[in-house]
Each structure stands twice: as C-alpha cells, then as structure tokens.
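Student: need a structure here:
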Amino acid sequence: QVQLVESGGGLVQAGASLRLSCAASGSTFSSLHMGWFRQASGKERGFVAAISASGHAITYGDSVKGRFTVSRANAKNTVYLQMSSLKPDDTAVYYCAARTGAYYPNPRDANVYSNWGQGTQVAVSS
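Tutor: Okay, the predicted model is just below:
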C-alpha cells in the first residue's frame, strides 16, 4: 500500500510562487505514475498535472499550463509541483495521487488513481 504525504502549501499573494512536495512510501516509487489534483471549496476535484513513472510523459490541466511544472525525483521518492504566477483561482486543497498500469490514455481521470494523500492547502490572496 502506498502512503502519500503532501507538504509545501500556504498563504501567498497573487503572482507569488510555491512548491508542493509529495513524499511516497510503501511501494516502488519508480513504478508509479503520479498526479496532482485540487479541490476548491464547493467545487469538484479537478486535474492539475500528471507525470509518468519514468518522468518522460507529462500532462497539464489547461488552467495551469505554462505556470505550473510537475517533476519527480525517484531517488527521493518524491514528486513536486512548482507553481508560479499564482492567482486567487488557484486557491484549493492540493492532492497528490498514485497509480500503476499504463500512463495513457487517461492521466487526467481521478478515478484511475488508487492512492491519495491527505492534501495541502494553498491560498492565494489578491
């Protein structure tokens, strides 16, 4: 069973940057595809970014493309989400998730991820 722990959230002003981390344990991290999702208050959970086990395939949600960067350090069992040019609309609880199997065709689909972290709050003030 994979355990995932997110960190790095906080309160920042619009235009600032934050880096979220997700540390994994309990499984072979290098075999896991990883995803980032977020859920704002009163809204459904939405896709942010995903990265394949090898790191060779990366997918971004349309609202974060060009501002967020997902990466991973398999030697540290950690996946990162570098967030830049933050906007108030980015305010949400951010979750990392893990899955096995094929990366494509649906890295954006939360239903294909089997393990989830507890989330970290990101708040962006205007």
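
Student: So the residue nearest the centre of the chain: helix, strand or coil?
Tutor: The centroid of the chain falls nearest to W36 when counting by Cα atoms, centre = their mean (2.1 Å). Judged by DSSP: H, G, I helix; E, B strand; the rest coil, the three-state class of W36 is strand.

Student: what pairs with it across the strands?
Tutor: Beta bridges link W36 to A49, C96, judged by DSSP bridges.

Student: how near is it to Y80?
Tutor: From W36 over to Y80 the distance is 9 Å, taken as Cβ to Cβ, to the nearest Å. Placement of C-beta: from N, CA and C, glycine included.

Student: Find residues that contact each of those two.
Tutor: Among the neighbours of W36, those also in contact with Y80 (Cβ atoms under 8 Å, 6 or more residues apart in numbering) are 20, 22, 70.

Student: Any chance of a markdown table for these, columns distance to S126, pLDDT and neighbour count?
Tutor: Shown next, in a markdown table, are the shared contacts of W36 and Y80 (distance: Cβ to Cβ, whole Å; pLDDT from 0 to 100; neighbours: other Cβ atoms under 10 Å):
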| residue | distance to S126 | pLDDT | neighbour count |
| --- | --- | --- | --- |
| L20 | 21 | 98 | 24 |
| C22 | 27 | 98 | 25 |
| V70 | 25 | 98 | 22 |
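
Student: what's the closest of these to A98?
Tutor: Nearest to A98 among the shared contacts of W36 and Y80: C22, at 8.7 Å, using Cβ to Cβ.

Student: contacting residues for the spatially closest residue to the closest one that is not a sequence neighbour?
Tutor: Once flanking residues are discounted, C22 sits nearest to C96: 3.4 Å by Cβ to Cβ, 6 or more residues apart in numbering. Counting by Cβ under 8 Å, 6+ apart, C96 touches 4, 6, 20, 22, 34-37, 79, 81, 116-117.
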